[in-house]
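J.: how would this look folded up:
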Amino acid sequence: MSLLRFAIHLLIVVFSVYSSSTLAQVSQTQLGAAQTNKYLPLLENKSVGLVVNQTAKIGDIHLVDLLITNGINVRTVFAPEHGFRGDKGAGETIENGLDPSTKLPIISLYGKQKKPTQAMLADIDILVFDIQDVGVRFYTYISTMHYVMEAAAELGIPVIILDRPNPNISHVAGPVLDLEFQSFVGMHPIPVLHGLTVGELALMIKGEQWIANAESLSLTVIPVTDYRAEDTYELPIPPSPNLPNPQSIRYYASLCLFEPTSFSIGRGTELPFQMVGHPRIKWSEDTVTLTPRSDPNAASYPKWQDTPINATRIYRSNPSLQGFDISLLEHAFALSQLNNEMFFTSPDFFDKLVGNSELRLALGEPSKIDLLKQQWHLDIQAYKVKAEKYFLYPR
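T.: Below is the predicted model:
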């Protein structure tokens, strides 16, 4: 055998072994919901309340159907923002209703009542939370989890969290929330990208006593098996209507800060959270014209509805954008100043998303931005020390 052929043969063997071991590891990875042997016994002979949406699936089977098939007494489904089916736009009030398939009552936890009341939980013995999150502080599924845990603690109802991977788990970035700016888009003193799964965050919420009566809460987390924070995880189901693909999920933490500004980030177009655009400001010469349209399942009233806008795709303007990057925000602010256009449309909401007012007040002054970034770094180091004791997965 020639040296070249031997080298090729060796590479094929090594690749085959590596591929087999990689596939074996993937096949061993199980979501919390897939490990029925660990939680079905806890639900037997209990009246069960589920906090779920369209992402609560194990393969093609929804958790509701799985539990009913296994004889579990599911009494009520509690739905977060975007609804049980995940087909409502951001900020839309979700109404109570009846699931046409299972005939189960659906109670909304997104609207006037974000925390389950005693009446809502009157016939519930145990609560199960299974929702795919994206690891960003202002993505409101974790706020719903907070209120569910708090209500359960007050009423002595156990909570089970069926854990799922965090697609942004490798990033811990951005300012830590100042509790003076606490709201439903920021409940906890954690960075914009907190680097935890919902199971880990639930443990931290209880452990740090961020809810009332935390010490009395009976909390069980079913971890993902054979999962490491370094593993890449692409979501099999869009977690909400405007995060349809891995790109939008990757850019979400940075682009969401454009929501309270005059710039569009693509709601009502085919590029939600994948572009930045404005009808009167041209980002660069490399732009396309897009017109946001009303979509009842994603964006009923998108910014600049029916108005052509100059749109720049993010992967072209900033191909390395990841984690929490404010360079696009700084550039858009500078363009607004240059073109005498209003930038902030809701300063208060911007501050709630960021978790303080300092970033808004520092825009346009690079030296202040640099100081802020240094402070964020220090705050994140302190946060990591605190969060480490709640890790369920290797880092």
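J.: what residues of stretch 46-53 count as buried?
T.: Ser47, Val48, Gly49, Leu50, Val51, Val52, Asn53 (16 or more other CB atoms under 10 Å). For the C-beta atoms, the positions are set from N, CA and C on the backbone; glycine is no exception.
J.: which stretches of the chain form strands?
T.: Under the criterion DSSP state E, strands of the chain are mapped to 47-52, 57-58, 61-62, 73-79, 97-98, 105-108, 126-130, 159-162, 173-176, 191-193, 219-222, 275-278, 288-290, 309-313.
J.: show me what the longest one pairs with in its sheet, parallel or antiparallel.
T.: The partner list of strand 73-79 in its sheet, established with DSSP bridges, is strand 47-52 (parallel), strand 105-108 (parallel).
J.: can you tell me which of those is nearest to Asp231?
T.: Asp231 lies closest to strand 47-52 among the strands paired with strand 73-79, at 23.8 Å (CB to CB).
J.: pull the helix or strand with minimum mean pLDDT from the chain.
T.: Ranking every helix and strand in the chain by mean pLDDT, DSSP states H and E puts helix 3-28 at the bottom, with a mean of 38.
J.: what's the closest non-adjacent residue to the residue nearest the centre of the chain?
T.: What sits nearest the mean C-alpha location of the chain, by CA atoms, centre = their mean, is Val134, with 2.8 Å. Of all residues not flanking Val134 in the chain, Ile249 sits nearest, at 5.4 Å (CB to CB, 6 or more residues apart in numbering).
J.: touching, Ser254 and Ala332? I think so.
T.: No - taking contacts as CB atoms under 8 Å, Ser254 lies outside contact range of Ala332: 11.4 Å.
J.: and these two? which has more neighbours close in?
T.: Using other CB atoms under 10 Å, the more surrounded residue of Ser254 and Ala332 is Ser254, with 26 against 23.
J.: which ones are touching the more buried one?
T.: Leu321, Gly323, Phe324, Asp325, Ile326, Leu328, Leu329 (CB atoms under 8 Å, 6 or more residues apart in numbering).
J.: need the helices for the stretch 251-395 of the chain, in chain order.
T.: Along the stretch 251-395 of the chain, the stretches classed as helices by DSSP state H, counting those that start in this stretch are 314-317, 327-338, 347-354, 358-362, 366-387.
J.: between those, which gets nearest to Arg228?
T.: Nearest to Arg228, of all those, is helix 366-387, at 16.3 Å by CB to CB.
J.: run a quick neighbour tally on Pro236.
T.: Pro236, neighbours per other CB under 10 Å, totals 11.
J.: let me see the contact set for it.
T.: Lys57.
J.: what does it show for phi and psi?
T.: phi -70, psi -20 (degrees, to the nearest 10).
J.: how near is it to Arg164?
T.: 10 Å (CB to CB, to the nearest Å).
J.: could you do Val176 as well?
T.: Val176 is 24 Å from Arg164, by CB to CB.
J.: quick one: Val224 and Gly32 touch, right?
T.: Yes - between Val224 and Gly32 there is a contact under CB under 8 Å: 6.1 Å.
J.: okay, and the common contacts of those two?
T.: Joint contacts of Val224 and Gly32 (CB under 8 Å, 6+ apart) are Asp163, Arg164.
J.: now do the contacts for Arg313.
T.: Leu271, Gln274, Met275, Val288.
J.: if we use 7 Å, what do you get?
T.: Taking CB atoms under 7 Å, 6 or more residues apart in numbering, we find Arg313 in contact with Leu271, Gln274, Met275.
J.: who wins on neighbours among these?
T.: Met275 leads these on contacts (other CB under 10 Å) with 28 neighbours.
J.: okay, and the beta partners of it?
T.: Beta bridges link Met275 to Arg313 when assigned by DSSP bridges.
J.: from here on, count from 190
T.: All set: I'll call the first residue 190, so the last point we hit is now Met464.
J.: same list (the strands paired with strand 262-268) but as CSV, adding mean pLDDT.
T.: Shown next, in CSV, are those (pLDDT from 0 to 100):
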stretch, mean pLDDT
strand 236-241, 98
strand 294-297, 93
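J.: tabulate the ones you listed (CSV), appending distance to Pro497.
T.: Formatted as CSV, these follow (distance: least, CB to CB, whole Å):
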stretch, distance to Pro497
strand 236-241, 39
strand 294-297, 36
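J.: for Met393, find the nearest of the ones you listed.
T.: Closest of those to Met393 is strand 236-241, at 18.0 Å (criterion: CB to CB).
J.: just the CA trace of the closest one, in PDB.
T.: What follows is strand 236-241 as a C-alpha-only set of coordinates in PDB (Å, rounded to 0.1, in the frame of the first residue of the first chain):
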ATOM      1  CA  SER A 236     -54.400  16.500  39.000                       C
ATOM      2  CA  VAL A 237     -51.800  18.000  36.700                       C
ATOM      3  CA  GLY A 238     -51.400  21.600  35.400                       C
ATOM      4  CA  LEU A 239     -49.200  22.100  32.400                       C
ATOM      5  CA  VAL A 240     -47.300  25.300  31.500                       C
ATOM      6  CA  VAL A 241     -46.500  24.600  27.800                       C
END
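J.: just want the angle from that strand to strand 315-319.
T.: 20 degrees (axes from the mean of the first three to the mean of the last three CA atoms, to 10 degrees).
J.: measure stretch 442-451 end to end?
T.: Criterion CA to CA, to the nearest Å; first-to-last residue distance in stretch 442-451 is 18 Å.
J.: what residues of stretch 419-432 count as buried?
T.: Asp420, Tyr422, Leu424, Pro427, Pro428, Ser429, Pro430, Asn431, Leu432.
J.: ok, and the closest non-adjacent residue to Phe267?
T.: Val240 is the one closest to Phe267 (CB to CB, 6+ apart), at 4.6 Å.
J.: mind listing what that neighbour touches?
T.: So Val240 contacts Phe267, Leu316, Val317, Phe318, Ile320, Thr333, Val337 (CB under 7 Å, 6+ apart).
J.: next, count neighbours for the second one.
T.: Residues lying near Leu316 (other CB under 10 Å) number 23.
J.: cool, the fifth one as well?
T.: Here the count is done by other CB under 10 Å, and Ile320 has 24 residues near it.
J.: let me know the distance separating it from Asn259.
T.: From Ile320 to Asn259 the distance is 20 Å (CB to CB).
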